[in-house]
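Trainee: Have a look at this prediction, sequence included:
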Amino acid sequence: MTVIDVHTHMFTTKWLELLKKEGGQYNIQTRPDGQQEIFRGNTPVVIPQKGHFDWKLRIQHMDQAGIDVSVVSLTCPNVYWGGEDVSVRAAREANDNVAQAQTAYPDRIRWFASLPWEYPQRAVEELERSCAQGAAGVMVLANVAGRSLTDPLFAPVWAEIDRRALPVLVHPTDPPGVDLMDMTKFDLSWSVGFMFDTTLAITRMIFEGFFDRYPNLRIIASHGGGTLPYLVGRFEKGDEVELASRRQMKRKPTDYLRHIHYDCITYNLGALQYLISVVGAGQVMFGTDWPHWVHDTRGAFANTAQLPQEQTRAVRGANAQRLFKL
């Protein structure tokens, strides 16, 4: 069966050098194991790996794992730093890199565009440029330099994405206040903070009627949707007792959870099975998080192999073929 990885990441050397020079709060620190890690202040964000920069190594990994197509995205901290000029330069650098990779490996690589979201006009311009280069969708962090994705500032960007009916990978980063919540140690900013970031971002979209406003959006909630599936009962109860005058969504919370898409990166078979029980196998796609230090290529294959055959086929490739028109 065809296997399509919708959650896998890249950097470029120029992007990393630009971050080191113009990244503001972002800085490089050395871990106790000797690895270089990107931090925001004292909060760990991401550990660059060789595979983030090496397309030949990526194709080799795909061949060995049995992955036919990878839909590649820049990961956090994306391009939300350094001011307008730097943010635009970083986005162009990242997008040009993956566009060139798609040209080099046309049967294997697709990509999500990164945009300078804080500057909506420039973001729309970069979206147009990226789509002309073959972008299959857009990647956005679950908060843009602390701003909610539903912030009115971003309305022009969302309107253009909705007009084009593009898939959007919502990927977490460290949420605002991680230092106040004491998440900077033991990588709690990753294990807890990232899940919180995705969950809060998508929950805002649901309760603010975002999917009614932008009916063509095809949101993909990273890492199995964070804790969204587990909170389904709480969402329904909250909607049940909500004041009618404050209610903004037109459907039930569960309807929206079954409208958006998810990847299978849960690191746990039971969690994946529960996700499918809430949203349906037709909404879940294959993801590995390669080449992150915490990638789970082997686990993604092992967990999806335990699903009923028709669900395995849907999650590993059929759903992504339909969404990305592959």
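Mentor: Ah, there it is.

Trainee: tell me which residues in the lengthiest helix in the chain are buried?
Mentor: Ranked by number of residues, the top helix in the chain under DSSP state H is helix 83-104. In terms of neighbour count (16 or more other Cβ atoms under 10 Å), helix 83-104 has its buried residues at 86-95, 97-99, 101-102. In short, each C-beta sits where N, CA and C put it, glycine included.

Trainee: which helices and strands sit right next to it?
Mentor: Other helices and strands packing on helix 83-104, by 3 or more Cβ pairs under 8 Å, 6 or more residues apart in numbering; DSSP states H and E, are strand 4-10, helix 13-22, strand 69-74, strand 109-113, helix 120-132.

Trainee: To residue 239, which of those lies closest?
Mentor: Closest to residue 239 of these, according to Cβ to Cβ: strand 4-10, at 29.1 Å.

Trainee: got a list of contacts for the closest one?
Mentor: For strand 4-10, the external contacting residues (Cβ atoms under 8 Å, 6 or more residues apart in numbering) are 52-53, 58, 62, 67-75, 94, 97-98, 101, 169, 171, 220, 222, 263, 265, 285-292, 316-317, 320-321, 324, 326.

Trainee: And the strands in the protein?
Mentor: Secondary structure of the chain by DSSP state E: the strands cover 4-10, 26-30, 36-40, 43-46, 69-74, 109-113, 137-141, 143-144, 147-148, 167-171, 218-221, 261-263, 284-285.

Trainee: quick one: contacts for the closest residue to residue 204 other than its chain neighbours?
Mentor: Once flanking residues are discounted, residue 204 sits nearest to residue 150: 5.0 Å by Cβ to Cβ, 6 or more residues apart in numbering. Residue 150 is in contact with 204-205, 208, 210, counting by Cβ under 8 Å, 6+ apart.

Trainee: Residue 37 too?
Mentor: For residue 37, counting by Cβ under 8 Å, 6+ apart, the contacting residues are 28-31, 44-48.

Trainee: let's see 7 Å
Mentor: 29, 31, 44, 47 (Cβ atoms under 7 Å, 6 or more residues apart in numbering).

Trainee: could you measure it against residue 195, distance?
Mentor: Using Cβ to Cβ, to the nearest Å, residue 37 is found at 20 Å from residue 195.

Trainee: same deal with residue 154?
Mentor: For residue 154, the distance to residue 195 - Cβ to Cβ - is 22 Å.

Trainee: cool, residue 312 as well?
Mentor: In terms of Cβ to Cβ, residue 312 sits 25 Å off from residue 195.

Trainee: Equivalent analysis for residue 97, please.
Mentor: For residue 97, the distance to residue 195 - Cβ to Cβ - is 29 Å.

Trainee: do the same with residue 299
Mentor: Following Cβ to Cβ, the distance that separates residue 299 from residue 195 is 17 Å.

Trainee: The two: which has the busier surroundings?
Mentor: The neighbour count for residue 299 versus residue 195, taken as other Cβ atoms under 10 Å, is higher for residue 195 (21 against 18).

Trainee: correct me, but that one touches residue 225?
Mentor: No. Contact criterion Cβ atoms under 7 Å: residue 195 and residue 225 do not qualify, at 9.0 Å.

Trainee: Need the residue closest to the centroid of the chain.
Mentor: residue 171 (2.8 Å; Cα atoms, centre = their mean).

Trainee: so what pLDDT did that residue get?
Mentor: pLDDT for residue 171: 96.

Trainee: Spatially nearest residue to it, not counting backbone neighbours?
Mentor: Spatial nearest neighbour of residue 171, excluding adjacent residues (Cβ to Cβ, 6+ apart): residue 222 at 4.8 Å.

Trainee: My read is that that neighbour contacts residue 261, right?
Mentor: No. Residue 222 lies out of contact with residue 261 (Cβ under 7 Å); the separation is 10.3 Å.

Trainee: In terms of neighbours, single out the busier of those two.
Mentor: Per other Cβ under 10 Å, whichever of residue 222 and residue 261 has more neighbours is residue 222, with 28 against 22.

Trainee: and residue 117, how far is that from residue 58?
Mentor: Applying Cβ to Cβ to residue 117 and residue 58 gives a distance of 26 Å.

Trainee: returning to that earlier point: neighbour-wise, which one of the contacts of residue 150 leads?
Mentor: Of the contacts of residue 150, with other Cβ under 10 Å as the count, residue 205 tops at 24 neighbours.
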